[in-house]
Structure formats: C-alpha cells, structure tokens
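S.K.: sequence and computational prediction follow.
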Amino acid sequence: MAEVAGFLSAHPDAVLVRLEGVQGSAPREAGAWMLVAAGACFGMIGGGRLEFDAIAAARAMLDGGASEVRLRMVLGPDSGQCCGGRVGLVLRRLDPAARAALLREEEAGQDARPQVLILGAGHVGRALAGLTAQMPVRTLLIDSRAEQIAQAPAGVEARLTPLPEAEIRAAPPGAAHVVLTHDHGLDFLLVAEALARGDAAYVGMIGSATKRARLLRFLAERDVPPAGLTCPIGAAGAGDKRPAVIAAFVLAEIMAALGARAAQAACIAADI
C-alpha cells in the first residue's frame with residue numbers, strides 16, 4: 001500500500017485503468033489495474049499494445065479533462081497481441097474520494113494476502129524475503145538475533161522475537177512456514193509446531209538428507225505426522241548452495257503451494 005500511496009502523493013492527477021471484464025485469453029485477469037500520470041505509471045494490466053493504448057487513452061483524458069472513459073479491445077493479430085480474447089477497460093480520473101477508495105481497497109487486499117513466515121534471517125532467509133516481498137503475499141521475516149534482523153531487505157516486515165514458535169501459532173490458516181534458523185534443534189521444534197497445526201499450505205525446512213532423517217525421527221517421537229513436509233527445500237536447484245539460487249527455487253515451491261491452496265478453496269466455494 002505504501003507504494004500506491006507514494007505514487008499518488010507524487011502524482012496527484014492520475015487515471016486509474018482497470019480491466020473490468022475479460023472474455024477468452026488475456027494477459028491479465030479481470031480486476032487488474034494500473035495508475036497512469038502524465039509522466040509515470042504504476043502497476044500493469046498486461047503489457048504490449050493493450051497497455052500502450054490504455055496509457056495513451058489515459059493521458060488523453062488528463063490533457064482533455066474527461067473523468068471517465070470505457071474501452072473495448074480485441075487482442076488479435078491486428079492489435080499486435082495474439083491472445084485472442086476481448087477485454088473491457090474502464091478509465092477513471094481520480095478525485096480525492098476515489099484515491100481514498102483505492103487506498104482502502106489496496107489495504108484490504110494486502111490484509112487478505114496469504115502469509116509467508118520465514119523463520120531465520122540468515123543469508124538464505126534474507127534472500128528469500130527479498131523475493132517474497134515482490135509477490136502477492138505478506139512476508140514476515142522472524143529471528144531472535146537483532147544483528148540479523150537489522151539486515152532485513154527494505155520493505156520487508158521483520159520481527160525480532162525470542163519465541164518464534166509463537167509467531168507460528170498466531171499465523172492464519174493457509175500460511176507458508178519456511179524454517180531455516182541457525183540452530184538444528186530449533187529448526188526441528190519449529191517444523192513440529194507448523195506441522196501440528198494441520199492447516200499450513202507449505203512447511204519447509206532447509207537441510208540435507210541426513211538432517212531430514214533426524215527430523216523424521218524427532219517428529220515420530222512426538223507423534224507429529226510429517227505429511228506436507230518439504231525437506232530439503234529448493235531441491236530443484238540441483239545442489240547449488242548459493243543463497244539467491246536456493247531462495248529462487250524455494251519461492252517457486254511456496255507460490256505453487258499457495259496457488260494450489262487457493263484453487264482448492266475456489267473449488268470448495270463453487271461446490272465443485
């Protein structure tokens with residue numbers, strides 16, 4: 001939300017461009033939006049000719065004073081986009097009330113985002129936090145070490161606490177829990193805490209095959225089923241131990257798990 005507020009503060013005269021309807025194939029879903037000012041843009045509605053024409057129409061509104069314009073676009077070869085679908089766009093010049101409404105919408109959307117708890121602010125944890133901060137999730141970087149938390153990437157919500165297990169207990173259902181602390185014993189305790197909830201979208205722990213075997217014995221002694229555990233995390237990286245590479249592959253695992261969870265929830269809601 002801070003980025004949206006910052007853009008609107010820097011560009012008080014702006015147009016909100018929103019995809020109001022989508023038929024067939026399109027580069028973005030209905031509801032996607034962007035802001036267009038005379039010399040800058042924020043967000044995206046799909047790129048290509050669709051976005052180029054939308055920006056031109058928005059800037060024509062700023063020059064001419066129109067308050068609202070509706071457009072229909074066919075995404076075919078003639079437009080330079082071969083998606084094949086049709087989209088409806090609504091362009092609204094933002095007055096103070098509309099700006100406030102957009103900020104409220106953005107705040108509500110952020111509150112509804114799935115939560116990703118990164119338990120451990122070491123090299124991999126910080127690299128992962130920097131990536132998840134760019135995703136449609138709420139990232140929490142958690143550690144008991146002040147010197148590590150102080151190095152959290154800009155814009156990441158960092159939490160210094162001696163009781164990281166309390167953060168797991170307080171997380172909403174469907175959260176992702178990534179355990180990569182500086183202490184193997186603590187890792188095991190946190191994984192057990194996350195698995196015992198039974199409602200996590202993803203529970204992953206950094207480690208080797210040997211560490212996984214020890215973890216499974218630890219869980220068995222405490223009657224915690226290992227179902228849903230990912231360990232080692234980022235295994236698709238084929239053994240590359242650079243923090244940024246591990247983080248990239250873990251991010252893919254997390255987003256796939258959250259996407260599957262969202263799809264399952266949508267099917268339940270539709271009674272499919």
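M.R.: On my side now, so go ahead.
S.K.: ok, residue 250 touching residue 204?
M.R.: Yes: using CB atoms under 8 Å, residue 250 is in contact with residue 204, at 6.7 Å. Every C-beta, even on glycine, is put in place using the N, C-alpha and C of the backbone.
S.K.: please work out the average pLDDT along the top helix by length along the chain.
M.R.: When the chain is scanned for its longest helix (criterion: DSSP state H), the result is helix 243-269. Averaged across helix 243-269, pLDDT comes to 89.
S.K.: buried sites along that helix?
M.R.: 245-251, 253-255, 257-258, 261 (16 or more other CB atoms under 10 Å).
S.K.: residue ranges with poor pLDDT in the protein?
M.R.: Along the chain, segments meeting pLDDT under 70 span 1, 76-84, 269-272.
S.K.: now do the helices in it.
M.R.: Going by DSSP H, the chain shows helices at 2-10, 48-64, 96-111, 123-132, 146-149, 164-170, 184-197, 209-221, 243-269.
S.K.: same for the second one, what does it pack against?
M.R.: Meaning helix 48-64. strand 15-23, strand 33-36, strand 68-74, strand 86-93 (3 or more CB pairs under 8 Å, 6 or more residues apart in numbering; DSSP states H and E).
S.K.: about what we covered before: can I get the buried residues of helix 243-269 in TSV including distance to residue 43?
M.R.: Output for those, formatted as TSV (distance: CB to CB, whole Å):
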residue	distance to residue 43
245	29
246	30
247	25
248	24
249	27
250	26
251	21
253	27
254	23
255	19
257	26
258	21
261	25
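S.K.: and those, which is closest to residue 222?
M.R.: Minimum distance to residue 222 across the buried residues of helix 243-269 is 23.5 Å, recorded for residue 257 (CB to CB).
S.K.: can you tell me which residues contact the residue of the chain most remote from its centre?
M.R.: In terms of distance from the mean C-alpha position of the chain, residue 64 ranks first, at 36.8 Å (CA atoms, centre = their mean). Listed by CB atoms under 8 Å, 6 or more residues apart in numbering, residue 64 has no contact partners.
S.K.: and if you look at residue 118?
M.R.: 125, 128-129, 132, 139-142, 178, 180.
S.K.: nearest to residue 110, of those residues?
M.R.: Looking across those and measuring by CB to CB, the closest to residue 110 is residue 139, at 11.1 Å.
S.K.: for stretch 142-158, list the C-alpha coordinates in PDB.
M.R.: Listed next in PDB are the C-alpha coordinates belonging to stretch 142-158 (Å, rounded to 0.1, in the frame of the first residue of the first chain):
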ATOM      1  CA  ILE A 142      11.500 -13.700  12.000                       C
ATOM      2  CA  ASP A 143      14.600 -14.200  14.100                       C
ATOM      3  CA  SER A 144      15.800 -13.900  17.700                       C
ATOM      4  CA  ARG A 145      19.100 -12.200  16.600                       C
ATOM      5  CA  ALA A 146      19.000  -8.500  16.400                       C
ATOM      6  CA  GLU A 147      22.000  -8.200  14.200                       C
ATOM      7  CA  GLN A 148      20.400 -10.500  11.600                       C
ATOM      8  CA  ILE A 149      17.000  -8.700  11.700                       C
ATOM      9  CA  ALA A 150      18.800  -5.400  11.200                       C
ATOM     10  CA  GLN A 151      19.900  -6.700   7.800                       C
ATOM     11  CA  ALA A 152      16.400  -7.400   6.600                       C
ATOM     12  CA  PRO A 153      15.700  -6.200   3.000                       C
ATOM     13  CA  ALA A 154      14.000  -2.900   2.600                       C
ATOM     14  CA  GLY A 155      10.200  -3.100   2.800                       C
ATOM     15  CA  VAL A 156      10.100  -6.500   4.500                       C
ATOM     16  CA  GLU A 157       8.200  -6.800   7.700                       C
ATOM     17  CA  ALA A 158      10.900  -8.100  10.200                       C
END
